[in-house]
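Chemist: one predicted model, sequence on top.
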Amino acid sequence: MYEAFVIFSQANNIPINRYAQEIQSFYASSAGEKPVLKVNDQNIVVAFEGIQFSIDRNCSPQVALESKELSRFAMSNREEIANSTCRLEISSAPDPQMNYFNDFLFLIQCAEQLGTVWVFNTRQGEFM
């Protein structure tokens, strides 16, 4: 199971369709398996043959509170992280053989291509 929060800086509050475009662009130029993307209002489903990733854009009031708490774990940029009000929440089903670990990292990399973000591994409780 893969889980991470991709925390946006205040200046980089990207819409979900822009992030989906980055994912599509990445996999279009990749030689590997091509996922099927389903984009809804604030959600992207990235479906491979063996696993499905769910990516939710969350800008609820709770995110601002949690950003302040999560900023304690950061080695730098604490103030910027604490002021974040939006994030992407990436999750998947279990992947015991880790066949899709690289795809998990590619999804994070696609978000990083769009501007300043910080990635918090929710399973390990630390920034990546």
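Modeler: That came in fine, so what should we check first? The shown structure was predicted, so the numbers you read here are calculated from the model rather than taken from an experiment. Residues are numbered from 1 along each chain as shown.
Chemist: bridging residues for the closest residue to residue 16 other than its chain neighbours?
Modeler: Spatially, and ignoring its direct neighbours in sequence, residue 16 is nearest to residue 57 (4.6 Å; C-beta to C-beta, 6 or more residues apart in numbering). Yep, even glycine has a C-beta here, placed from its N, CA and C like the rest. Beta-bridge pairing of residue 57 under DSSP bridges involves residue 88.
Chemist: pLDDT score assigned to residue 57?
Modeler: In this model, residue 57 is scored at 95, pLDDT.
Chemist: what's the answer for residue 70, then?
Modeler: Per-residue confidence at residue 70 stands at 95 (pLDDT).
Chemist: residue 6 is in contact with that one, correct?
Modeler: No: using C-beta atoms under 8 Å as the test, residue 70 is too far from residue 6 to be in contact (11.9 Å).
Chemist: ok, then the element right after whichever strand or helix holds residue 90?
Modeler: Applying DSSP states H and E as the criterion places residue 90 in strand 87-92. Sequence-wise, the next helix or strand downstream of strand 87-92 (DSSP H and E) is helix 101-112.
Chemist: buried residues, that next one. List them.
Modeler: 103-104, 106-108, 110-111 (16 or more other C-beta atoms under 10 Å).
Chemist: now do it against strand 87-92, angle only.
Modeler: Counting by axes from the mean of the first three to the mean of the last three C-alpha atoms, to 10 degrees, helix 101-112 lies at 170 degrees to strand 87-92.
Chemist: got a list of contacts for helix 101-112?
Modeler: Helix 101-112 is contacted from outside by 2, 4, 6, 14, 19, 22-23, 26-27, 30, 35, 46, 48, 51, 53, 55, 88, 90, 92, 95, 117, 119, 128, using C-beta atoms under 8 Å, 6 or more residues apart in numbering.
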